[in-house]
Every structure is written in C-alpha cells, then in structure tokens.
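# sequence first, then the predicted structure, then my questions.
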Amino acid sequence: MSSEPDVELRSVTRRFDDVIAVDRLDLEVRHGEFLSLLGPSGCGKTTTLRLIAGFERPDEGTVLIGGADVSSLPPYKRDVNTVFQSYALFPHLSVLDNVAYGLKQISIGKGTRHARARELLALVRLEEVENRKPRQLSGGQQQRVALARALAKGPRVLLLDEPLGALDLKLRKEMQVFLKRLHSELGMTFVYVTHDQEEALAMSDRVAVMNKGRIEQLGAPREIYDAPATRFVADFIGETNFIRRNGSTIAVRPEQIRVARTGDGLAGEVVAAMVIGPTIQCVIKTDNGQEVLVRQQRRGANGESEALHEGERVFLTWDEEAALSLDPQQKEETAHA
C-alpha cells in the first residue's frame with residue numbers, strides 16, 4: 001500500500017446554520033482500504049462523505065485527495081465517484097449505455113466506451129443484461145449497474161452512500177458479499193457510509209464510529225467490537241450490558257455471560273427466555289434491580305440455559321477479561337448526560 005493516504009480530512013468543520021454537522025474532523029483513508037463511516041442518524045457520516053465527494057464545502061479545514069487540496073473543487077474535478085442508495089439510473093437508456101454514460105460525457109468514442117462498459121458489466125456479473133432497461137432489473141442488479149457506472153472512469157476513490165439501504169434483507173446480505181469480493185478484486189479505496197453495525201463490521205478493513213460530528217473510535221472491526229474506547233461505541237456496536245458492581249460500571253457483551261442455577265455470582269431472576277434460531281436469549285432481573293441480557297448457543301457448554309424458565313433464580317458470572325474497559329472520562333460524561 002502507498003504511504004500517502006488517498007483521502008485526508010484536516011480539522012474539517014461543516015455547519016448548517018447553527019447546527020454543526022461535522023466538527024473539526026481529522027481522518028486519513030489509506031490507499032486500497034475499505035473504510036466505513038458508521039453511526040446513528042445525524043452523526044455526520046453522510047455529510048463527511050459529501051465533503052469528500054465535493055457536494056459540500058468545508059466551512060473550516062482542508063480536504064485532500066491523493067495529497068492534493070480539493071476543498072474548493074466541484075465533484076467533477078475530483079478523482080472520486082459516488083454510488084447512491086437511489087441508483088439514479090437513466091430509465092430511457094440501456095444498461096450498457098448507463099454504464100458508458102460518464103465516458104460519453106468526456107467524449108470517448110462509442111466503440112471504446114462500449115468496450116469498457118462491457119468489461120465492467122463482466123466485473124459485476126451482468127454481461128447478459130446489457131440491452132435491458134433499468135426497469136427490467138431487480139434491485140440488486142440495478143445497484144450493480146450503478147456500481148459499474150461509477151467505476152467506468154477509474155476513480156481513485158469510490159464513495160458509497162448507504163448503497164444497500166433499499167434492498168431486502170436477503171439481497172442485502174448477498175450484496176455485502178459481492179461488494180467485499182469486488183473490493184478485493186479491484187484493490188481500490190472504498191469509503192462506505194452505513195448505520196448498520198453488522199454490515200460495517202463484516203465488510204470493512206477499518207470502521208470510523210461517528211457521534212455528534214466527530215469520530216469516537218477508528219479501528220479494525222475486531223478492535224471496535226472487543227475493545228470499544230467509549231461507552232457510546234460499546235452501546236452502539238452490538239448489544240452491551242452496563243452492569244453496576246462495587247461502585248463502578250462495567251460493560252459485558254450478552255454472549256460473554258454464563259447462567260447457572262447454583263453457585264456464586266450476580267443473583268437474579270429470569271424474566272424472559274426465548275429461543276432465537278441457534279441461540280437462547282434470556283433477560284435476567286438482578287436483585288439490585290438491573291436487567292441483564294444473556295445470549296448463548298443452544299448446544300454450547302452451558303446447555304442447561306435452554307431449559308430456563310421465567311421466575312427461576314439464577315446466578316450470572318463472566319470472565320474478568322470479558323468486562324470491557326471504557327474511557328473513564330467518557331463514562332463520567334455519559335453518567336451525567
């Protein structure tokens with residue numbers, strides 16, 4: 001990989017009237033990586049993508065692509081392209097002409113642009129539909145056409161703004177695998193915006209978790225999940241129990257907690273027990289009034305959890321290393337929020 005980042009944001013701020021959408025943001029996107037901007041609605045992730053694309057201009061700070069300052073350049077002068085959730089295909093054009101459209105705009109000859117479009121349709125496994133109109137395609141096929149069109153001019157960076165949001169769950173899962181494979185084949189830099197934690201963790205080389213216009217944590221998916229830096233990250237990524245113990249609060253994932261009918265541990269009562277596919281999910285109300293979510297495999301080491309019933313007395317334990325360590329300042333801030 002190149003040592004120079006493909007995208008860099010230096011102290012970038014973007015305001016909309018009195019709302020700060022992006023707040024003094026610093027970010028480097030490495031060459032060839034798949035980086036996801038993840039967070040809830042209003043966290044600033046889409047505005048950040050639009051700042052990279054050129055659809056928004058920073059009020060303060062600098063946006064660089066390939067080491068060049070592009071802060072004041074319009075989208076068409078930046079070495080990036082964007083794939084949107086809405087596909088934005090031209091309904092009157094064939095699939096082939098949709099893919100070739102950007103090449104036509106820069107006066108590439110018909111034969112050359114159609115040859116390039118066919119190469120890209122082969123890349124996205126859609127060679128057989130080149131003569132169809134977009135309305136004759138499924139949602140997943142339309143999204144792949146939009147991807148091929150975005151790749152036609154060979155941008156340095158591909159920006160993806162919630163591209164799978166309009167697809168049903170099964171198709172969304174299939175497209176996640178497809179996008180990950182496509183990224184591996186191309187070796188291109190992808191910047192991906194999503195609010196779906198599972199999607200970001202499954203697809204990305206690194207994830208930037210955003211909150212209130214800033215990055216709370218930037219790291220590999222395993223690091224984000226196993227070692228969240230703040231309470232916000234621990235709460236937003238997956239499901240987490242915040243358990244009060246000995247005057248402090250620890251965070252423990254539901255799958256790390258063991259349930260037993262006898263022994264030592266945090267005592268409580270089963271208030272709900274549900275079979276969810278291959279897992280058992282229980283809600284335990286502890287004697288000090290907390291509710292703790294427990295999730296275990298049906299055929300795991302603690303097989304007796306499948307037989308738990310509402311009203312049963314149980315004891316909760318976990319390995320000490322499973323208790324997530326959070327930033328003390330953040331814990332204090334969230335406690336007083």
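Cool, the structure landed. The model shown is predicted, which means the values in this text are computed figures rather than measured ones.
# in this structure Glu255 contacts Arg295, no?
Yes. Assessed by Cβ atoms under 8 Å, Glu255 is found in contact with Arg295 at 5.0 Å. In short, each C-beta sits where N, CA and C put it, glycine included.
# which regions of the stretch 151-300 of the chain lie under the pLDDT threshold?
Applying pLDDT under 70 to the stretch 151-300 of the chain flags the ranges 299-300.
# break the protein down into its structural domains.
Using automatic domain parsing, the domain parsing of the chain gives 7-232, 239-335.
# can you add mean neighbour count and give those domains back as a markdown table?
A markdown table is the format used below for the domains of the chain (neighbours: other Cβ atoms under 10 Å):
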| stretch | mean neighbour count |
| --- | --- |
| domain 7-232 | 18 |
| domain 239-335 | 15 |
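# got a list of what Leu160 touches?
Residues in contact with Leu160 (Cβ atoms under 8 Å, 6 or more residues apart in numbering) are Thr82, Val83, Leu179, Phe190, Val191, Tyr192, Val193.
# separation between it and Lys104?
As defined by Cβ to Cβ, to the nearest Å, Leu160 lies at a distance of 23 Å from Lys104.
# residue contacts, Leu293?
Taking Cβ under 8 Å, 6+ apart, we find Leu293 in contact with Glu239, Asn241, Pro254, Gln281, Cys282, Val283.
# swap in 7 Å and give it another go.
By Cβ atoms under 7 Å, 6 or more residues apart in numbering, the contact list for Leu293 reads Glu239, Asn241, Pro254, Val283.
# again, but for Ser71
Arg57, Pro58, Thr62, Val63.
# in strands, which of those fall?
Judged by DSSP state E, the contacts of Ser71 include Thr62, Val63 as members of strands.
# adding pLDDT and distance to Glu128, write the contacts of Ser71 out as TSV.
Shown next, in TSV, are the contacts of Ser71 (pLDDT from 0 to 100; distance: Cβ to Cβ, whole Å):
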residue	pLDDT	distance to Glu128
Arg57	96	42
Pro58	97	44
Thr62	98	45
Val63	98	40
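# the contacts of Ser71: which two are farthest apart?
Using Cβ to Cβ, these span at most 11.2 Å, a distance reached by Arg57 and Thr62.
# all strands for the stretch 201-337 of the chain, in order.
206-211, 214-219, 241-245, 248-252, 258-260, 266-276, 279-286, 291-297, 313-317 (DSSP state E, counting those that start in this stretch).
# out of these, flag the one nearest Glu199.
Glu199 sits nearest to strand 206-211 of all those, at 10.2 Å, using Cβ to Cβ.
# mind saving the C-alpha coords of the closest one as CSV?
Extracted C-alpha coordinates of strand 206-211, given in CSV (Å, rounded to 0.1, in the frame of the first residue of the first chain):
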residue,chain,number,x,y,z
ARG,A,206,-11.4,-0.2,9.4
VAL,A,207,-14.5,1.4,10.9
ALA,A,208,-14.9,5.0,12.0
VAL,A,209,-17.7,5.2,14.6
MET,A,210,-19.1,8.7,14.5
ASN,A,211,-21.2,10.7,17.0
